[in-house]
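K.L.:
the following comprises the amino acid sequence and a computationally predicted model.
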Amino acid sequence: MSTKLDDSGPSRRGFLSRASGLLIASGAPALGVVSGASVTAARAETAIANQADPFFGPHQGGILTPAQRHTYFAAFDLVATQRADIVRMLRSWTEAAARLCAGQPAGPAPHHTDILGTDAGDVQDLAPARLTITFGFGPGLFTKDGVDRYGLAARRSAALVDLPHFPGDQLVAEKSDGDLSVQACADDPQVAFHAVRELARLAYDAAQIRWVQAGFCGPGGKATPRNLMGFKDGTNNPSTTDAAAMNQVVWVGQEGPRWMAGGSYLVVRRSRIALEHWDRMKIAFQEQTVGRQKHSGAPLGGHHEHDQPNLDLNDADGNPVTPENAHVRLAAAATNDGARILRRAYSYNDGANLTAERWPPWRQGMEFDAGLLFICYQKDPRTGFIKIFERMAKFDMLNQFVTVTGSALFACPGGVAKGRYIGQDLFEEGAA
Ligand code: HEM
């Protein structure tokens, strides 16, 4: 392994910026005969890839960050016997995460001399690609099988509930739960995977991977990306640039324990979509199911994507234009006593399996294991995801195409200040 850890050394980003500068300065002969437009596009792409998202700050990255193209989500089981071993790992994780987000090698584990190596080196020629790493604490950090393994049970926040079992859930343990979560998001899938791989190395004998899920997302920018159903997904999210809305919907304030101030609760649901079945449905039926127009993303009865949905609109026969069981009607704040969440979902594609469908026409055979890694953030899951999904789980027309096979809830603490480690308030003596 050739990667050397050196604080003063150049970051991958610096190297790539200088390299692209040289290329431009030299008249870019290597580009050959290309149009001005594609040169501009290539430069814009390089600029995006070169961007590094700051790791330190009042909130963790990867929550309000405009969605990167790829994610690699990992849940870990703690195997540490001492609380001190977890603290040591979280220190290593924090330091490594800051380096990785800056485009540097993950580095050694100064707090654990048994962990060898500094970085696998496979992304040394790649840009930071807006990498963010978001850490979460699952219920198992506090109590596991009724045992307070690390003396933290009394510090578990009331909002970190055990998620209820919802009608239709077909959960498998290998895709559910976990004591800790690490979500890496980046515009390059290798950069995202690399981040989790390095943190798994540093976890050493304190934590082991329980499940992972890779995901992808259409290009961001101004356009809303589409999910695998072909619909724009994220249109009616609260605006991440509206600080008041984020304080109201996403960030924990003074109401939670101190270690959660500035943090948020993450619900992840691995939702397999019966694409073979969906693809046989008429577009009009798909639109009724979702409650939006497929091409434009406009609400039914509206014209443009960002038109306000009018759920009270009736057609000439007096029937609701947006069906009673349409996804967006059941999910809307207006029908849920104002409950709102911030969705940050990724599509996933895990090949094909022999599958027996649960809904007519009860298709059996090789089917894609692909769908949506539904992820949402909120200040309290009891008044966010759980409140909204309880009714949807029973009545949503989308359910006949969706099977949830994985589910977990994690408390993502507030952001990290330089010199501190993620979740430090939780572990410190006397922390509430
Ligand atoms: C496979 C699963 C899912 C798919 C394919 C899906 C797809 C969509 C689409 C296409 C929209 C309309 C565009 C938009 O506003 O973003 C939407 C809206 C929404 N979805 Fe989902 N969704 C899924 C699961 C969920 C789950 C589990 C929840 C949990 C509560 C949820 C909550 C919402 C909310 C709150 C809205 C906005 C409703 C509004 O106010 O207009 N979705 N979803």
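P.N.:
Alright, I've got the coordinates.
K.L.:
and the residue of the stretch 301-432 of the chain found nearest the ligand, how many neighbours does it have?
P.N.:
Going by Cβ to the nearest ligand atom, the ligand is nearest to Ala331 of the stretch 301-432 of the chain, at 3.4 Å. For glycine as for every other residue, the C-beta is placed from the backbone atoms N, C-alpha and C. Ala331 is flanked by 21 other residues according to other Cβ atoms under 10 Å.
K.L.:
tell me the residues of the stretch 151-300 of the chain that contact the ligand?
P.N.:
Within the stretch 151-300 of the chain, the residues that sit near the ligand (Cβ under 6 Å from any ligand atom) are 227, 229, 231-236, 269, 271, 273, 290, 292.
K.L.:
switch to 8 Å and redo it
P.N.:
Contacts of the stretch 151-300 of the chain with the ligand, taken as Cβ under 8 Å from any ligand atom, map to 224, 227-229, 231-237, 267, 269, 271, 273, 290-292, 297, 299.
K.L.:
for this structure, what's the longest strand?
P.N.:
As assigned by DSSP state E, the longest strand anywhere in the chain is strand 364-378.
K.L.:
okay, strands next: where are they in the stretch 1-150 of the chain?
P.N.:
70-78, 132-137 (DSSP state E, counting those that start in this stretch).
K.L.:
now render these as CSV, adding mean neighbour count and mean pLDDT.
P.N.:
As requested, those are exported to CSV (neighbours: other Cβ atoms under 10 Å; pLDDT from 0 to 100):
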stretch, mean neighbour count, mean pLDDT
strand 70-78, 24, 98
strand 132-137, 27, 98
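K.L.:
list the residues that contact the residue of the stretch 301-432 of the chain closest to the ligand.
P.N.:
Residues near Ala331 by Cβ atoms under 8 Å, 6 or more residues apart in numbering: 388, 392, 396.
K.L.:
quick one: it from Ala67, how far?
P.N.:
19 Å (Cβ to Cβ, to the nearest Å).
K.L.:
same check on Arg269?
P.N.:
17 Å.
K.L.:
now Thr403
P.N.:
In this view, Thr403 and Ala67 are 24 Å apart by Cβ to Cβ.
K.L.:
so which of those two has more stuff around it?
P.N.:
Per other Cβ under 10 Å, whichever of Thr403 and Ala67 has more neighbours is Ala67, with 23 against 20.
K.L.:
would you check that that one makes contact with Gly220?
P.N.:
Yes: here Ala67 reaches Gly220: they are 5.4 Å apart, a contact under Cβ atoms under 8 Å.
K.L.:
any low-confidence regions in the stretch 1-150 of the chain?
P.N.:
Flagging of the stretch 1-150 of the chain using pLDDT under 70 yields the residue ranges 1-48.
K.L.:
could you check which residue of it lies nearest the ligand?
P.N.:
Ala67 (12.3 Å).
K.L.:
so the longest helix along the chain versus strand 70-78, what angle?
P.N.:
Longest among the helix segments of the chain by residue count, using DSSP state H, is helix 83-101. Angle between the axes of helix 83-101 and strand 70-78 is 170 degrees (criterion: axes from the mean of the first three to the mean of the last three Cα atoms, to 10 degrees).
K.L.:
same question for helix 83-101: list its buried residues.
P.N.:
Using 16 or more other Cβ atoms under 10 Å as the test for burial, helix 83-101 gives 85-101.
K.L.:
what do you get for stretch 351-371?
P.N.:
355, 357, 367-371.
K.L.:
end to end on that stretch, go ahead and measure it.
P.N.:
Start-to-end span of stretch 351-371 (Cα to Cα, to the nearest Å) is 11 Å.
K.L.:
so does it get close to the ligand?
P.N.:
Yes: with Cβ under 8 Å from any ligand atom as the criterion, the ligand is reached by stretch 351-371 at Gly371.
K.L.:
thinking again about what came up before, and the strands of the stretch 1-150 of the chain as CSV, adding distance to the ligand?
P.N.:
CSV is the format used below for the strands of the stretch 1-150 of the chain (distance: least, Cβ to the nearest ligand atom, whole Å):
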stretch, distance to the ligand
strand 70-78, 16
strand 132-137, 18
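K.L.:
looking at those strands, spot the one closest to Leu160.
P.N.:
With Cβ to Cβ, the closest approach to Leu160 among the strands of the stretch 1-150 of the chain belongs to strand 132-137: 7.5 Å.
K.L.:
tell me what that closest one is packed against?
P.N.:
helix 83-101, strand 180-186, strand 402-412 (3 or more Cβ pairs under 8 Å, 6 or more residues apart in numbering; DSSP states H and E).
K.L.:
now it against strand 70-78, angle please.
P.N.:
Using the same axes, to 10 degrees: strand 132-137 against strand 70-78 is 30 degrees.
K.L.:
helices of the stretch 101-250 of the chain, start to end?
P.N.:
Shown for the stretch 101-250 of the chain, the helices assigned by DSSP state H, counting those that start in this stretch span residues 189-203, 243-249.
K.L.:
may I see the buried residues of the shortest one?
P.N.:
Put plainly, it is helix 243-249. Those would be 246, 249, for helix 243-249 by 16+ other Cβ under 10 Å.
K.L.:
tell me which helix or strand Arg272 sits in.
P.N.:
strand 264-273 (DSSP states H and E).
K.L.:
so which elements touch that strand?
P.N.:
Packed next to strand 264-273, using 3+ Cβ pairs under 8 Å, 6+ apart, are strand 180-186, strand 364-378, strand 402-412.
K.L.:
strand partners (parallel or antiparallel) of the longest one?
P.N.:
Right, the one you point to is strand 364-378. strand 264-273 (antiparallel), strand 342-343 (antiparallel), strand 346-356 (antiparallel) (DSSP bridges).
K.L.:
so which of these is the most surrounded?
P.N.:
strand 264-273 (a mean of 25; mean count of other Cβ atoms under 10 Å).
K.L.:
list the buried residues for the very next helix or strand once past that strand?
P.N.:
Counting by DSSP H and E, the next helix or strand C-terminal to strand 264-273 is helix 275-278. Buried residues in helix 275-278, counted by 16+ other Cβ under 10 Å: 275-278.
K.L.:
put the alpha carbons of helix 275-278 into PDB.
P.N.:
Extracted in PDB, the C-alpha atoms of helix 275-278 (Å, rounded to 0.1, in the frame of the first residue of the first chain):
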ATOM      1  CA  LEU A 275     -41.100  -3.400 -11.000                       C
ATOM      2  CA  GLU A 276     -42.300  -6.200 -13.300                       C
ATOM      3  CA  HIS A 277     -45.900  -5.600 -11.900                       C
ATOM      4  CA  TRP A 278     -45.600  -1.800 -12.000                       C
END
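K.L.:
what's in contact with it?
P.N.:
Contacts of helix 275-278 (Cβ under 8 Å, 6+ apart): 228-229, 286, 357, 359, 361, 363, 367-368, 370-371, 400-401.
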